[in-house]
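[1] Got a predicted structure plus its sequence, pasted below:
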Amino acid sequence: MSQKTYYITTAIAYTSKTPHIGNTYEAVLTDAIARFKRLEGYDVFFLTGTDEHGQKIQLQAQEEGITPQAHVDKIAGEVRDIWDFMNTSYDKFIRTTDEEHEKTVQKIFKRLYDQGDIYKGSYEGWYCTPCESFFTESQLEENVCPDCGRPVQKTSEEAYFLKLSKYEKRLMDHIETHPEFIQPESRKNEMVNNFLKSGLQDLCVSRTSFDWGVPVTFDEGHVIYVWIDALSNYITGLNYNPEGESGPLFNKYWPADVHIIGKDILRFHTIYWPIMLMALNVPLPKQVFGHPWLMVGQDKMSKSLGNVVYAEDLVKHFGVDAVRYFVLHEMPFAQDGTLTYELLIARTNSDLANILGNLVNRTVAMVTKYFDGVIQPPTKAETIDHELTDLALKTPGKVAEKMDQLKVAEAMDAIWTLLRRSNKYIDETCPWILAKEEAQKERLGTVLYNLLESIRISAVLLSAFIPETASKILDQINATKKDWASIQTFTGTVVGDHVGVAEVLFARIDEKQKLIEINPAMAEELEDQPKKQKQQKKKEKPPVIVEEIGIEDFSKVVMKVGEVIACEKHPDANKLLVSQIKIGEEVRQIVSGIAHAYEPAEMVGKKLIVVTNLKPVNLRGVLSEGMILAASDQAGHLKLGTVDGDIASGSEVR
RNA sequence: GGCGGAGUGGCUCAGAUGGCUAGAGCAUUCGGUUCAUACCCGGAGGGUCAUCGGUUCGAAUCCGAUCUCCGCUACCA
């Protein structure tokens, strides 16, 4: 019998700091899918782990005064602890510092180099001498080092590059012919329009500026930069071997059915990673899902906002399954979800305590009360039962359909529809009335059987999402049949068995009390503000009318007359001109986006108004030390701001 | 600047290929019930489907313009 396989992965967590609930969500989401596939009968392999190399980690360790290895050991341990207490059922936890991983990455790198897909070139970046660090243009803010705030210098270092352009066409074809490859689909457009259509630049895959990484075997001083190291975990975790026969896991499970990743790293997984695989002649994963983010109130979780929430704290106050339920349920397929304590409490009360918990509780209580806990045969059916039984039988298929689309929240909704229907069934049949007449005993037994069976089907399905609770429920109703086949028929509850003790699954939470328990200060803060505040903030942001300023503000801007003494096109940008402008005794280089309106030749000799105290900035690799004033209309016509008559360059404009 | 997405009751969202009185959950309110965790069930209120114009017998759904928000991206300075 060849069982169908299913290989699913999370992104590996970066071990610079402890993961928060948003990071944890990814593991829980992946776990729910993995568990569901197992339930359906797939042979599932669920891989997760940690990404442990890089400069950031090296620096962090330095600050803490420990070795990078000690630092990543600590964080990786925390990650694993969190994944464990959240009940994620991973089959393997890979670390990029694992010896086998490192060796395989080196082999991959070597092979790509040998076959010409990786070549040596030089990498231009900005260097901060005190920090001994390189930064890319986009990492910089205001031309200073993002770590220490000191100025940076442009430098270049030797580096290896992966030839992306070679595979660009093939990747484009793949994406076009496999519409399911990138999910959600809107992300596909972003990748295609922003990167593939405009052509890919080769990717820098090594560094010499730090050494906490996998060394390049054939060139001392170079370490393999994040991409080839981290992304490879998906195949090294299965014992892939680039030089020969791969291990049995690889042969069995690859290609991956889905990589579950955050929407922020889709680019790496849908462009760089497939190209690496193409270069290695390995099949591509079937699907990459960029899941949305969990927001705290209206904001992204971040240390600087001081709103970071950790799974551990939530679990302490609400329990694992309430937290799992919440993050899985509040996250629509493609839209960011919101976490607040109020919402978490509300969902726990209404969905878990009221609808689910109370249903199980009242049902088990009735079986205990009316039949001493013995499950009766469903011998006296009535037509009214069909609505319940039909829905119960349809539910597994419905849930499976949603799960196949990765719409986890909707899959759970389908289960709750059945739970609600079950509650309604109790009202329709009024077991407590049946119990009063001896003649109705058989009917009563049937009603309770139907309820137990509906609960059993629900609980089996719930095992993918809230496994601990599901198993408690199955214990309480003493279900012995718990597999996929058993929920395709309405006969899985065993007549004659005894139900267990009715215990409360989720206690109702008093909101105020709980908020105070969590944090007296936070209770106030979180109570009713998040929304309003944010809306106000947003409205204030774009001032409709430009604010009036005083002369003291205006005088901050220094403008002078400058004469263009030379001008040429930007070597690497077709919208920009690079002018040498004489301002008094000084000559400055200024880059401006006016190539569409002026030829370099006609610029020379013009006397323009120049802002001279702007921070210098690098535009597409060329330094610009000021700004030329110009007028432009809505149609895009542009005219330079000049002075009326002849006046010496360097004259101040005011 | 470019590309894309979105704007539906207090909140979170559903609403292929245009068609009965625009739906669900939560919240609110009224009623019922007592097996159960002050729970469950039923009813009700509440929406100019962002705005303006157009196509059509008929549009939340198609077209155009506008406004707002969001995402990605850039050779804005």
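    Perfect, I can see it now.

[2] Tell me where the model's unsure across chain A.
    A:1-2, A:125-154, A:297-298, A:302-305, A:520-553, A:571-575, A:596, A:615-621, A:632-638 (pLDDT under 70).

[3] In it, which residue sits nearest RNA strand B?
    Residue nearest to RNA strand B within chain A (C-beta to the nearest atom of the strand): residue A:357, separated by 1.7 Å. In short, each C-beta sits where N, CA and C put it, glycine included.

[4] Not counting residues beside it along the chain, what's closest to that residue?
    residue A:505 (4.0 Å; C-beta to C-beta, 6 or more residues apart in numbering).

[5] which residues touch that neighbour?
    Contacts for residue A:505 (C-beta atoms under 8 Å, 6 or more residues apart in numbering) come out as A:352, A:353, A:356, A:357, A:360, A:361, A:469, A:472, A:473.

[6] What count of nearby residues applies to residue A:448?
    26 (other C-beta atoms under 10 Å).

[7] On the strand side of things, show who the residue nearest in space to the middle of chain A bridges to.
    Centroid-nearest residue in chain A, with C-alpha atoms, centre = their mean: residue A:262, separated by 1.9 Å. Note on residue A:262: beta-bridge partners by DSSP bridges are residue A:291.

[8] what does residue A:498 give?
    residue A:374.

[9] pretty sure it contacts residue A:374?
    Yes: counting by C-beta atoms under 8 Å, residue A:498 does reach residue A:374; the two are 6.0 Å apart.

[10] re earlier: tell me which of the contacts of residue A:505 fall in helices.
    A:360, A:361, A:469, A:472, A:473 (DSSP state H).

[11] Who are the contact partners of the closest residue to the second one other than its chain neighbours?
    Among residues not flanking residue A:361 along the chain, residue A:502 sits closest, at 5.2 Å (C-beta to C-beta, 6+ apart). Applying C-beta under 8 Å, 6+ apart to residue A:502 gives the contacts A:360, A:361, A:364, A:365, A:368, A:476.

[12] run the last query once more with 6 Å
    The neighbourhood of residue A:502, defined by C-beta atoms under 6 Å, 6 or more residues apart in numbering, consists of A:361, A:364, A:365.

[13] Those residues, buried ones only, as a PyMOL selection?
    Selection of buried members from the contacts of residue A:502 for PyMOL, criterion 16 or more other C-beta atoms under 10 Å:
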select buried, chain A and resi 361+364
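
[14] could the contacts of residue A:502 go into TSV alongside distance to RNA strand B?
    Formatted as TSV, the contacts of residue A:502 follow (distance: C-beta to the nearest atom of the strand, whole Å):
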residue	distance to RNA strand B
A:361	4
A:364	9
A:365	4
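
[15] In JSON lines: the contacts of residue A:502, plus distance to residue A:245.
    Listed next are the contacts of residue A:502 as JSON lines, based on distance: C-beta to C-beta, whole Å:
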{"residue": "A:361", "distance to residue A:245": "56"}
{"residue": "A:364", "distance to residue A:245": "55"}
{"residue": "A:365", "distance to residue A:245": "60"}
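
[16] which of the contacts of residue A:502 lies closest to residue A:651?
    Of all the contacts of residue A:502, residue A:651 sits closest to residue A:361, with 86.1 Å by C-beta to C-beta.

[17] hey, where'd the strands end up in the stretch 301-450 of chain A?
    Under the criterion DSSP state E, counting those that start in this stretch, the stretch 301-450 of chain A carries strands at the ranges A:337-339.

[18] coming back round to it: and the ones in helices among the contacts of residue A:505, which two are furthest apart?
    A:361 and A:469 (12.5 Å).

[19] Could you find the closest non-adjacent residue to residue A:256?
    In space, residue A:256 is closest to residue A:285, 4.0 Å off (C-beta to C-beta, 6+ apart).
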